[in-house]
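A.B. asks: Predicted model and sequence below, questions to follow.
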Amino acid sequence: MIKVRMMSLMVMLTAIGLTFITVPVHADLDADDRVAIQREIETYIKANPEILRDALVALAAREDIERRRAGMAQLRDDAGDPVMGNPDGKITLYEFSDYNCGYCKRMFGAISSLLSSNPDVRLVIKEFPILSQSSLVAAKAGIAAQKQGKFPAFHTAMMTYRGQVSDESIAVAAREAGIDLEQFKRDMTAAETNRIIERTRRAAAVLEINGTPGFIIEDRLIPGAVDIKQLQALIDQARAK
């Protein structure tokens, strides 16, 4: 009976994730032992129901950590994403952005000043078109502008444009940026452009980013419009590491 009680406790504790017990569990149990173990487990759980709750909470916390880790890995897979600031900057700031987002446009001036005063920062724009069909067209245009090395000028023209994005406003921004329009059109419809946008959508889903703007620096997510001083403080912290 002592063996049975030890075995049952071991099995139960292992099942709920409390693996700090080091007494080995043997598999050479007869039918009576297995029935006794089952009863012991049921009795213990009925007497201590909170242990299941705590185990489920711990499991959810571990799953959340793994989810965020997977989302961050997807986020940092940023080849082809548009870049502002220093392309070789040691500190990377990610911004989920939509060209029809009024908050994104209001923050653009402050973000530009932030980049000017922090030359070691690389700002990766995660084109995240969620507001309209024209947002999707504009997102493709941003990625196509990056392909020609003209993204900063294009982005500035788009972010300072007042009004709903249209094919005309995109074309004007492209011309102002000195973009080859024929190549621009081809790159907008390329499979790689669609792949980059879908990659961003997957990362946003895993990280539970549902709106724009959304900023991430290191492992810190800052949803919505943010105080630029807060971003500066996070950059300073990243620099100090």
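C.D. replies: That came in fine, so what should we check first?
A.B. asks: Pull stretch 215-227 out as PDB, backbone CA atoms only.
C.D. replies: Extracted in PDB, the C-alpha atoms of stretch 215-227 (Å, rounded to 0.1, in the frame of the first residue of the first chain):
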ATOM      1  CA  PHE A 215       5.600  49.300 -31.500                       C
ATOM      2  CA  ILE A 216       7.900  46.600 -30.400                       C
ATOM      3  CA  ILE A 217      11.400  47.100 -29.100                       C
ATOM      4  CA  GLU A 218      13.300  44.000 -27.900                       C
ATOM      5  CA  ASP A 219      10.500  42.000 -26.200                       C
ATOM      6  CA  ARG A 220       8.400  45.000 -25.200                       C
ATOM      7  CA  LEU A 221       5.100  45.600 -27.000                       C
ATOM      8  CA  ILE A 222       3.600  49.100 -26.900                       C
ATOM      9  CA  PRO A 223       0.200  49.000 -28.500                       C
ATOM     10  CA  GLY A 224      -1.400  52.200 -29.900                       C
ATOM     11  CA  ALA A 225      -0.200  55.700 -30.100                       C
ATOM     12  CA  VAL A 226       2.600  56.100 -27.500                       C
ATOM     13  CA  ASP A 227       4.300  59.000 -25.700                       C
END
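A.B. asks: Can you give the distance of the top helix by length along the chain from its chain's centre?
C.D. replies: Criterion DSSP state H: the longest helix present in the chain is helix 50-76. With C-alpha atoms, centre = their mean, to the nearest Å as the basis, helix 50-76 stands 15 Å off its chain's centre.
A.B. asks: Tell me the buried residues in the helix or strand harbouring Arg195?
C.D. replies: Assigned by DSSP states H and E, Arg195 belongs to helix 191-207. By neighbour count with 16 or more other C-beta atoms under 10 Å, helix 191-207 contains the buried residues 193, 196-197, 199-201, 203-204, 206-207. No exception for glycine: its C-beta is placed from N, CA and C like everyone else's.
A.B. asks: Could you dump these into a markdown table with distance to Lys46 and pLDDT added?
C.D. replies: Formatted as a markdown table, the buried residues of helix 191-207 follow (distance: C-beta to C-beta, whole Å; pLDDT from 0 to 100):
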| residue | distance to Lys46 | pLDDT |
| --- | --- | --- |
| Thr193 | 58 | 98 |
| Ile196 | 54 | 97 |
| Ile197 | 52 | 98 |
| Arg199 | 48 | 96 |
| Thr200 | 48 | 96 |
| Arg201 | 46 | 96 |
| Ala203 | 44 | 94 |
| Ala204 | 43 | 95 |
| Val206 | 38 | 92 |
| Leu207 | 39 | 93 |
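A.B. asks: Let me know the closest of the residues you listed to Ile41.
C.D. replies: Nearest to Ile41 out of those is Val206 (C-beta to C-beta; 35.2 Å).
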